[in-house]
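J.: below are the sequence and a predicted model for it; my questions follow.
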Amino acid sequence: MNLIDTKGKVIAVDFDGTIVEHKYPVIGNEMMFAFATLKAFQSKGHRLILWTYRKGKELEEAVEFCRQNGMVFYAVNENFPGETVEGDFSRKINADIFIDDRNVGGFLGWDVIWQTLHPESGDYAHQLKNKDAHINYRNVKKKRWFGWG
């Protein structure tokens, strides 16, 4: 039995240190399986909110980086699209789940997060069936081995 009801959850996801390696204000390399996992969450019916400290140009760059990697969020630093267009607003996001590298215990890794929210799915890598995720993983591994990036 799944202890966490994951049907259509709102998931707030941090950017630096969670989707990409923490290199703020520049954009770091993708964390292993980040985009593949986020896309898989969307395919399961979750609404994803990009929830980040970034604003202005740095935020635009992060949103564009995600878009170039096939990830378009339901909302960005707001509870729903258009919430923050005018006036004062709370930076507090109303989400069911928060994924952030600043959690107690640090960032768990996308494989552990996936298995925690969808334990019925079985083996993580086989469940994603995302060739891009495996290619990205090999490229990140190569960069680290040879000292690139």
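T.: That came through, no problem. Residues are numbered from 1 along each chain as shown.
J.: show me where this structure has strands.
T.: Along the chain, counting by DSSP state E, strands occupy 10-13, 47-50, 75-76, 97-99.
J.: buried set for the second one?
T.: Under the neighbour-count criterion of 16 or more other CB atoms under 10 Å, strand 47-50 has 47, 48, 49, 50 buried. Where you see a C-beta, it was placed from the backbone N, CA and C, and this is true even at glycine.
J.: with mean pLDDT added, can I get the strands of the chain in a markdown table?
T.: Shown next, in a markdown table, are the strands of the chain (pLDDT from 0 to 100):
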| stretch | mean pLDDT |
| --- | --- |
| strand 10-13 | 96 |
| strand 47-50 | 97 |
| strand 75-76 | 94 |
| strand 97-99 | 94 |
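J.: between these, which one is nearest to residue 56?
T.: Evaluated over the strands of the chain, closeness to residue 56 peaks at strand 75-76, with 12.4 Å, by CB to CB.
J.: for the closest one, packing partners?
T.: Packed against strand 75-76 by the contact rule (3 or more CB pairs under 8 Å, 6 or more residues apart in numbering; DSSP states H and E) you find strand 47-50.
J.: partner strands of the strand it packs on and their direction?
T.: Its sheet considered, strand 47-50 pairs with strand 10-13 (parallel), strand 75-76 (parallel) by DSSP bridges.
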